[in-house]
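Test case, fold it:
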Amino acid sequence: MPEALVETVVEDPRWGALGVEALAERAARAAVAAAGVDPDGCEIALLAADDARVAALNAAFRGKAAATNVLSWPSGETAAPGEARFLGDMALAYETCLAEAAATGVPPADHVTHLVVHGVLHLLGHDHETDAEAEAMEALETKVLASLGVANPY
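All right, here's what the predicted structure looks like:
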């Protein structure tokens with residue numbers, strides 16, 4: 001069995017009921033592979049937190065004093081030969097994620113899977129600042145989610 005791609009720190013114990021560690025590993029592996037990168041040669045750090053913690057991170061790093069569903073910080077690092085490439089850090093906000101899932105009628109596990117895929121694609125350099133970027137990123141997200149049995153969120 002390969003080593004974990006995602007090192008998850010569960011800061012809010014409510015994430016345990018969703019099995020966030022397994023969801024994140026499965027979603028991240030699929031996203032990294034779909035982007036043409038070997039998941040076994042990468043590492044990602046994930047913080048599973050509450051809205052207050054993510055709001056503080058959002059304020060500190062983006063100047064937005066509010067919780068958001070997922071934050072990502074690409075490392076921009078390259079790996080030395082024979083070492084895993086650290087793709088970056090991500091954070092998920094519990095209350096926001098569950099509220100969004102409830103509002104859209106999506107199972108919480110499916111929504112969290114989508115958010116992890118979205119965040120991982122950001123770590124890999126994908127973005128949605130322009131319409132063309134958004135279309136390309138959404139198409140890749142939809143493809144990855146379909147491979148995981150998750151319906152198109154768009």
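
Give the helix, strand or coil label for the residue lying closest to Asp38 once chain neighbours are set aside.
Leaving aside its chain neighbours, Asp38 sits nearest to Val32 (7.7 Å; criterion: CB to CB, 6 or more residues apart in numbering). Any C-beta I mention is one placed from the backbone N, CA and C, and that applies to glycine too. Of the three states, Val32 takes helix under DSSP: H, G, I helix; E, B strand; the rest coil.

State the pLDDT value of Val32.
For Val32, the pLDDT comes out at 96.

Look up how far Leu124 lies from it.
When CB to CB, to the nearest Å is the yardstick, Val32 and Leu124 sit 7 Å from each other.

more neighbours, these two?
It is Val32, of Val32 and Leu124, that has more neighbours when counted by other CB atoms under 10 Å, with 25 against 19.

Next up, the contacts around the more buried one.
Under the criterion of CB atoms under 8 Å, 6 or more residues apart in numbering, the contact list for Val32 reads Leu5, Asp38, Pro39, Cys42, Leu87, Val120, Leu124.

If you rank the residues you listed by neighbours, which is first?
Val120 (33 neighbours).

Now that one: phi and psi?
Taking degrees, to the nearest 10, you get phi -60, psi -40 for the backbone angles of Val120.

cool, and the one 4 residues further on?
Backbone torsions of Leu124, given as degrees, to the nearest 10, read phi -90, psi 0.

isn't it right up against Leu87?
Yes. The criterion here is CB atoms under 8 Å, and Leu124 meets it with Leu87 at 6.7 Å.
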